[in-house]
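In: Provided below are the primary sequence and the corresponding predicted coordinates.
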Amino acid sequence: MSADVLVIGSGPAALAIASELGQRGLQVHGLSATDPAAPWQNTYGIWVQEVDQLGLQGLLAHRWSQSVSYFGEGGGSGPSSDQPLDHGLDYGLFDKALLQQHWLGICAAAGMLWHRGEAVAISHSARDSVVSTACGQRLSARLVVDASGHQPVFVQRPDGGPVAGQAAYGVVGRFSAPPVAPGQFVLMDYRSDHLDAAERRCAPPTFLYAMDLGGGVFFVEETSLALAPPVPFTALKDRLHRRLAHRGIAVEAVEHEELCLFPMNLPLPNLDQRVVGFGGAASMVHPASGYMVGSLLRRAPGLAAAIAGALGDGSLDGAQVASRAWQALWPLEMRRKHALYRFGLEKLMRYPDAELRQFFGTFFSLPQSQWYGFLTNTLPLGQLIRAMLLLFVHAPWGVRWGLIQQQGRELALLGRLLNP
Ligand SMILES: Cc1cc2nc3c(=O)[nH]c(=O)nc-3n(C[C@H](O)[C@H](O)[C@H](O)COP(=O)(O)OP(=O)(O)OC[C@H]3O[C@@H](n4cnc5c(N)ncnc54)[C@H](O)[C@@H]3O)c2cc1C
């Protein structure tokens, strides 16, 4: 039986788009290498305002109103200032089982049919596509949406040079003393006084992402925002233990270890291909922050509407349907913003410890609507550029100099702002 849309994968991206397609009356089939109901491994955090605006705050397991970061004195150069910068915005963690059930429930109500198997090949006719699995199943659909993650099975993207990975080593557990203040969420603790001077000057900067989960349990994670090649897990684990030891804290019990690695600066996929991507497969990770789930929630309805509209237009062939979908997912303005974010990340990866802390100190002193809009990719292009110019004006000279100097592929990335 041929479907309207075959969605590949059963991660957050696949479920987000499948549930939106199903709600538009399309016959949706899913193909996943793993059981769609199997528990997800990753922990998903988000600014609460993003879920509040969608009326999905009930899907959170935790919500913190004390959200802070540490960047050194007044955003200045001191590596050890204990003065937190208060973000003044709530941060949350999804109840990942609830989020998954939420989407699976909508899919089931729409009559979605799941197939288990690994997609390995695809062929196209003018009207349909046929996906073959490793076990020899053949599944046909008018359109295939590849949501198989950051290394997609079918979606093609150009080679954009070295891929930077966000890497993190984290522990959920109990500690000899609270690693963060009770009830607190720490977005970025860039204090580096546990490192020696040479490490601070030459080694890649990393930060602590941490939160009080209640009942004496905390999550602490040493994170490298992005680097190519990524910072190894052994180095991050060592950094985490040294950071904690420096503050007289020992890990007493480990409930869960998180090893996190995903690409941050993948180029956009080719927009003229027959298979449409969504999520990691479509380079939707925010290149300057690593967040994606908020984008999935915001952008799935628009993509689903475009697909439903195109499939409903009998005059369009398969390639034209795919083209309409890609244009809806990555319109010109979004592509330009993506180029700007990739350029910004390239700059961040070059800053040594002191300048990086100064950069973030300046960034988070911008008006909240600007830094929040930057991090969530919700600012129109003009406002995004304005926020970046304001940051340049307010930044210390060391940071400005780093922004002015053009190295490596930075100019080419900036050029993509005009011709993405
Ligand atoms: C540890 C970690 C923590 C993260 N934390 C956050 C966070 O806090 N907030 C945030 O917004 N983002 C976060 N991210 C980034 C991003 O949101 C995640 O990587 C997210 O899981 C990507 O979703 P996805 O659905 O695109 O891909 P995935 O979650 O990787 O799902 C891919 C799916 O495709 C299936 N699949 C793969 N290949 C095939 C095939 N050939 N055939 C059939 N099925 C296939 C897999 O079984 C899986 O179901 C994090 C990432 C990681 C790794």
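Out: Arrived safely. Numbers count the residues shown, from 1 in each chain.
In: how much space separates the most centrally placed residue in the chain from the ligand?
Out: Nearest to the mean C-alpha position of the chain, counting by CA atoms, centre = their mean, stands Tyr291 at 2.6 Å. Per CB to the nearest ligand atom, to the nearest Å, Tyr291 is found 4 Å from the ligand. C-betas here are computed from N, CA, C, even on glycine.
In: find the closest residue to the ligand in this protein.
Out: Of the residues in the chain, the one nearest the ligand is Gly11, at a distance of 2.3 Å by CB to the nearest ligand atom.
In: pretty sure that residue is touching Trp40, no?
Out: Yes - assessed by CB atoms under 8 Å, Gly11 is found in contact with Trp40 at 7.1 Å.
In: by contact count, what packs against the top strand by length along the chain?
Out: If you go by DSSP state E, the chain has its longest strand at strand 251-263. For strand 251-263, the packing partners by 3 or more CB pairs under 8 Å, 6 or more residues apart in numbering; DSSP states H and E come out as strand 165-175, strand 217-227, helix 233-246.
In: can you count the residues close to the residue of the chain closest to the ligand?
Out: 21 (other CB atoms under 10 Å).
In: just the one 4 residues further on next, same as before
Out: In terms of burial, Leu15 registers 29 neighbours under the definition other CB under 10 Å.
In: not counting sequence-adjacent ones, nearest residue to it?
Out: Computed as CB to CB, 6 or more residues apart in numbering, the closest residue to Leu15 that is not its neighbour in sequence is Trp103, at 3.5 Å.
In: now name the helix or strand holding the residue nearest to Asn270 when sequence neighbours are not counted.
Out: Spatial nearest neighbour of Asn270, chain neighbours left out: Gln156 (5.4 Å); criterion: CB to CB, 6+ apart. According to DSSP states H and E, Gln156 maps onto no helix or strand at all.
In: sorry, back to before: average pLDDT for the longest strand of the chain?
Out: What strand 251-263 shows for mean pLDDT is 96.
In: what's next to it, contact-wise?
Out: 42-43, 150, 163-176, 217, 221, 223, 230, 233, 241, 244, 280, 285, 290 (CB atoms under 8 Å, 6 or more residues apart in numbering).
In: before we move on, what about stretch 404-420?
Out: Applying CB under 8 Å, 6+ apart, the contact partners of stretch 404-420 are 161, 268, 332, 335-336, 338-340, 342-343, 346-347, 350.
In: near the ligand, which residues of the stretch 151-300 of the chain are found?
Out: Residues of the stretch 151-300 of the chain found near the ligand (CB under 6 Å from any ligand atom) are 153, 258, 260, 262, 279-281, 285, 290-293.
In: which among those residues count as buried?
Out: Those of these that meet the buried threshold are 153, 260, 262, 279-281, 285, 290-293, by 16 or more other CB atoms under 10 Å.
In: tell me which two in these are the farthest apart.
Out: Spatially, the most separated pair among those is Val153 and Tyr291, at 23.8 Å (CB to CB).
In: what element comes up after the longest strand of the chain heading to the C-terminus?
Out: Sequence-wise, the next helix or strand downstream of strand 251-263 (DSSP H and E) is strand 276-277.
In: mean confidence for that next one?
Out: Across strand 276-277, the average pLDDT comes to 98.
In: try stretch 361-374
Out: Rounded mean pLDDT across stretch 361-374 is 96.
In: buried ones in it?
Out: Those would be 361-366, 370-374, for stretch 361-374 by 16+ other CB under 10 Å.
In: quick one: that stretch to chain centroid distance?
Out: The chain centroid and the centroid of stretch 361-374 are separated by 18 Å under CA atoms, centre = their mean, to the nearest Å.
In: and for stretch 340-352?
Out: That offset, for stretch 340-352, works out to 16 Å (CA atoms, centre = their mean).
In: who's in contact with it?
Out: Under the criterion CB under 8 Å, 6+ apart, residues 164, 200-202, 205, 225-228, 264-265, 267, 286-288, 356, 359, 377, 381, 384-385, 388, 399, 402-403, 407-410, 413-414, 416-417 lie in contact with stretch 340-352.
In: which of the buried residues of stretch 361-374 lies closest to Ala310?
Out: Of all these, Ala310 sits closest to Gly373, with 30.0 Å by CB to CB.
In: who touches that closest one in this structure?
Out: Here Gly373 is in contact with 379, 383-384, 387 (CB under 8 Å, 6+ apart).
In: got a quick PyMOL command for the buried subset of these?
Out: Filtering the contacts of Gly373 down to the buried ones (16+ other CB under 10 Å) takes a single PyMOL command:
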select buried, resi 379+384+387
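In: from the contacts of Gly373, which ones fall inside helices?
Out: 383-384, 387 (DSSP state H).
In: same list (those) but as CSV, adding distance to Leu59 and pLDDT.
Out: Output for these, formatted as CSV (distance: CB to CB, whole Å; pLDDT from 0 to 100):
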residue, distance to Leu59, pLDDT
Gln383, 28, 97
Leu384, 28, 96
Ala387, 29, 96
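In: separation between the closest residue to Leu85 other than its chain neighbours and Glu355?
Out: In space, Leu85 comes closest to Ser69 once its chain neighbours are excluded; the distance is 5.0 Å by CB to CB, 6+ apart. Distance, Ser69 to Glu355, using CB to CB, to the nearest Å: 16 Å.
In: what does Glu346 give?
Out: 14 Å.
In: got it, and Ser10?
Out: Distance from Ser10 to Glu355, by CB to CB: 42 Å.
In: pLDDT value on the spatially most distant residue from the centre of the chain, please?
Out: Distance from the centre of the chain peaks at Ser315, with 36.4 Å (CA atoms, centre = their mean). On pLDDT, Ser315 comes in at 96.
In: contact partners for the spatially closest residue to Gly280 that is not a sequence neighbour?
Out: The spatially closest residue to Gly280, leaving aside those adjacent along the chain, is His150, at 3.8 Å (CB to CB, 6+ apart). His150 makes contacts with 262-263, 266, 280-281, 285, as judged by CB under 8 Å, 6+ apart.
In: looking at the residues you listed, which one is closest to Ser125?
Out: Distances from Ser125 to these, taken by CB to CB, are shortest for Ala281, at 22.7 Å.
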